[in-house]
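**Student:** Sequence below, structure please.
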Amino acid sequence: MQRDTGRERPADGGADDAEVGSAAAGVVHRLVQRHETLATVESLTGGLLAASIVDIAGVSRIYRGGLVVYATELKGTLADVPADLLSERGPVDPDVAAALAAGGRQRCGADWGVATTGVAGPEPQDGKPVGLVYVAVAGPNGGAVRQLDLGGGRDHVRAAAVVEALRLLAERIHAAETATPALPTT
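**Tutor:** Model (predicted):
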């Protein structure tokens, strides 16, 4: 699994609807071309990631479904995150993010899984600061986790997490394309 931690994104500017839509359209388009499927698992984004994906026309060709596992125990029971990992580290952790992505991929029978977990605020959670977010991808070429340290309010943290999850997914799809040529389109 590839780790990309310590990356800070600018707190100003925010993630607007056009940025989210563009990022979602890009991954949907690439997955349609590759004849591959996608699943989402969300904690702090609470369905925003899935909503941004299903806003794209033609998404039914690639989107298998998603899980919103806001409660910690559901991360284990629905997304197959090991209970000992959750009890030792809590829900806001890079290995939990990776397990969420892998669990969603497996549960939904998808080629790719993308996950979000973190603290949107307004208060810290279990000693983790507001704005600490992990996004993760699991796919045919392995997995990757990215740590985000986001400023701004709750809405900004959640919207920025969606954009960054989609960016990470786009990067992993690109990496898969350079490792294995895409199937020809007809």
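**Student:** Run through who's touching the helix or strand harbouring residue 18.
**Tutor:** Assigned by DSSP states H and E, residue 18 belongs to helix 17-34. With contacts defined as CB atoms under 8 Å, 6 or more residues apart in numbering, helix 17-34 is touched by 37-38, 52-53, 55-56, 58-59, 61-63, 111-112, 159, 162-163, 166-167, 169-170, 173, 176-177, 182-183, 185. Bear in mind the C-beta positions are built from the backbone N, C-alpha and C, glycine included.
**Student:** How about stretch 62-74?
**Tutor:** Against stretch 62-74 from outside (CB under 8 Å, 6+ apart): 28, 31-32, 36-43, 46-47, 49-50, 53-54, 75, 78-79, 86, 90-91, 100, 104, 107-110.
**Student:** same thing but at 7 Å, please
**Tutor:** With contact meaning CB atoms under 7 Å, 6 or more residues apart in numbering, stretch 62-74 is reached by 28, 31-32, 36-43, 46-47, 50, 53-54, 75, 78-79, 86, 91, 104, 107-110.
**Student:** Next step: these restricted to helices.
**Tutor:** Taking DSSP state H as the definition of helices, those contribute 28, 31-32, 50, 53-54, 75, 86, 104, 107-108.
**Student:** Find the residue at the geometric middle of the protein.
**Tutor:** residue 115 (3.1 Å; CA atoms, centre = their mean).
**Student:** Distance check, residue 141 against residue 47.
**Tutor:** According to CB to CB, to the nearest Å, residue 141 stands 27 Å off from residue 47.
**Student:** Appreciated, that's everything.
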